[in-house]
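Engineer: Fold the following for me, if possible:
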Amino acid sequence: MGKEQLLIDICLLAGRMMAQAGAETYRVEDTMTRMAAAAGFPNSQSFVTPTVVMFNLEPMYTTHFARVNERGTDLEKIALVNSISRQMVKGEINLNEAQQMLKQLDEKSLSFPAWLQVVAAALASGSFLLMFKGMWIDYLPAALIGGAGFIILLIAHYLSKVKLFAEFFASFVIGGLAVLSVQFGFGRNLDLIIIASVMPLVPGLLITNAIRDLMAGHFMAGVSKGAEAFLTAFAIGAGVALVFSFFV
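Structural biologist: All right, here's what the predicted structure looks like:
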């Protein structure tokens, strides 16, 4: 494999990993162009959307692309890819070493275990209830319902692979459990319990990245991420609204 093709593979791999981990579009493009410039190609071109990463070393070279099939949130992986790119820019590692390090990182699963994510979602739900000036008596219902909703989210996403359906079903379960908890006297404030419990489902990072991409001039990526965030919020609201139409 020639130097040019090796560099293309490295840049595409780094870009795809960052896009899948939830990095901003301008950050992905900047990382790829810096890595290419460090290898002697200062005029490289990159174009990134939420679903594809395209890269070209020079006008005379063929444009290559990598498909982004899944997107999530993994800030640690973004930081590690950036660290590898900085080492490459500083000349601390060569192309072969960078490729090996990126491949090893790509094969690793840096996500927290499912049980820890559920515990964090439960604690976050209870904490949001207090932040919204709820009563301490509703802390436990909000925490348990938020944790249960996140479990449903993980299961539904694993079974269906459709993010919007998983979020709709999780919010529907949260709404149903919240209504039952109030009806049986376990909870008091239905509105605050539901609002706090769905907070772990809210696409906060997606909204932030959409705004940052728009501010950086990446209108296509910003609008598409904003649309995805809107659909996610719609799915969450629709799930709760369906419960209210039946039981409230």
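Engineer: which residues in the protein form strands?
Structural biologist: In the chain, the strands defined using DSSP state E lie at 45-48, 52-56, 64-67.
Engineer: How is this structure partitioned into domains?
Structural biologist: 3-107, 114-247 (automatic domain parsing).
Engineer: Switch these over to CSV; also include mean neighbour count and mean pLDDT.
Structural biologist: Bear in mind the C-beta positions are built from the backbone N, C-alpha and C, glycine included. Formatted as CSV, the domains of the chain follow (neighbours: other C-beta atoms under 10 Å; pLDDT from 0 to 100):
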stretch, mean neighbour count, mean pLDDT
domain 3-107, 18, 87
domain 114-247, 19, 89
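Engineer: would you turn the strands of the chain into CSV with distance to residue 3?
Structural biologist: Below are these laid out as CSV (distance: least, C-beta to C-beta, whole Å):
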stretch, distance to residue 3
strand 45-48, 18
strand 52-56, 15
strand 64-67, 15
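Engineer: For residue 9, find the nearest of those strands.
Structural biologist: Comparison of the strands of the chain against residue 9 by C-beta to C-beta identifies strand 64-67 as nearest, at 8.4 Å.
Engineer: How far off centre is stretch 232-248?
Structural biologist: 23 Å (C-alpha atoms, centre = their mean, to the nearest Å).
Engineer: Quick check: closest non-adjacent residue to residue 194.
Structural biologist: Closest residue to residue 194 apart from its sequence neighbours, by C-beta to C-beta, 6 or more residues apart in numbering: residue 178 at 4.7 Å.
Engineer: Surely that neighbour touches residue 146?
Structural biologist: No. Between residue 178 and residue 146 there is no contact under C-beta atoms under 8 Å: 9.8 Å.
Engineer: Identify the contacts common to those two.
Structural biologist: Common neighbours of residue 178 and residue 146, counting by C-beta atoms under 8 Å, 6 or more residues apart in numbering, are residue 197.
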